[in-house]
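Q: Below is the structure, and that's it, no one-letter string:
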C-alpha cells in the first residue's frame, strides 16, 4: 500500500471477492521460485525456563539517529541498511474457509497489497508458505516453504529469515492488506541496535473521530515486525520445544517494543493492524479502501 491514496483504485472492480487471480500479470521470465531449502537440523529440545521479556519500549525520544538514506527509501527510512521483506502466507485460513492470500480486495489479492507496502522500504521480498503452490510464482518474488511443518507462524518466520539475503528483515502476514509503508520503515529503523522490533497495538481504541481499525485485544504484533537473522537460533530453540507463539521471540532476544506513542506517528489510526480473518473483516477492509480512494 504505497502512498496514501491508492491511485490505482480509480476504476476498480467490486471491492472484494475470491475469484481466481487471472488478472494479475505473469512474472518476468527470470522470476522463478527458489528451490525448497534443505531442512535445517533442529537442536535437541531444551526444557529450561524461558528468560523474562527483554524488550524495552521505544518512545518518541528514542528514534534512531539520522543517517544517509538509500535512494529507494529516501522518504521513509532514517537508516540505509538493506532490508528483506518476508510475507508470511502459510496460514491454514480455517476461519475464512479459503486461502486468504488470494482473496481479492479492491480487485487485487490480499498478498499483493502487502507486497506493495514492503516494496517501498525493502530491496527484495520473499514469500513463505506451508507447501508448494505455483500460484505464488506470478508475483515474481522467491517462494520458500516452511522448514519445520505444523509449527504455525513461528515456522514461517524461521524459513523467511533463513532464506533472507540481508540481516535486517520485515515480516508481515499476508492478511494485513492495510499495512502502511511508513510503519514498516519505522520498525526497520527501530531495530537498528537490537534483534527484533515488535509493535504493541495497545489495548484501548484508537482515536480518529470515527471507525478505527480493529486491533483486537491489542498486545504484541509479532507478524508485523522487524527481525534480524540473529533471531534464528532462538527461534530454533522454541521450535524444538514444540509449538510456540511468535510473540515469544521478543522475550528471548534483545528487542524493542514499539508502543502506540511511537507508531501512531507513522499510522495514526492503526489500520496496519487490521487482520482479515473473516468475511466481515474483509468488508471492513473494503470500507477502509473506500475512505482512501480519490
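A: Sure, I can see it. Just so it is clear, the model here is predicted, and its values are computed rather than measured. Numbering: from 1, shown residues only.
Q: Give me the below-cutoff pLDDT ranges for the stretch 151-294 of the chain.
A: 203-218, 292-294 (pLDDT under 70).
Q: which stretches of it form helices?
A: 153-163, 181-190, 232-240, 249-252, 260-263, 279-292 (DSSP state H, counting those that start in this stretch).
Q: Tell me which of the ones you listed sits most buried.
A: Neighbour counts (mean count of other Cβ atoms under 10 Å) averaged over each of the helices of the stretch 151-294 of the chain peak at helix 181-190, with a mean of 26. Glycine gets a C-beta too; all of them are placed from N, C-alpha and C.
Q: Nearest residue to residue 235 in space, ignoring adjacent ones along the chain?
A: Closest residue in space to residue 235, ignoring its immediate chain neighbours: residue 158 at 4.7 Å, by Cβ to Cβ, 6 or more residues apart in numbering.
Q: correction: residue 254
A: residue 194 (4.7 Å).
Q: and if you look at residue 198?
A: residue 225 (4.3 Å).
Q: distance of that neighbour from residue 81?
A: 16 Å (Cβ to Cβ, to the nearest Å).
Q: Compare neighbour counts for these two and give me the winner.
A: A count of neighbours by other Cβ atoms under 10 Å puts residue 225 above the other of residue 225 and residue 81, at 27 against 17.
Q: how near is residue 177 to residue 112?
A: 8 Å.
Q: so which of the helices of the stretch 151-294 of the chain comes closest to residue 117?
A: helix 181-190 (4.9 Å; Cβ to Cβ).
Q: Now do that closest one: which elements does it pack against?
A: helix 110-119, strand 168-173, strand 196-199, strand 224-228, strand 255-258, helix 260-263 (3 or more Cβ pairs under 8 Å, 6 or more residues apart in numbering; DSSP states H and E).
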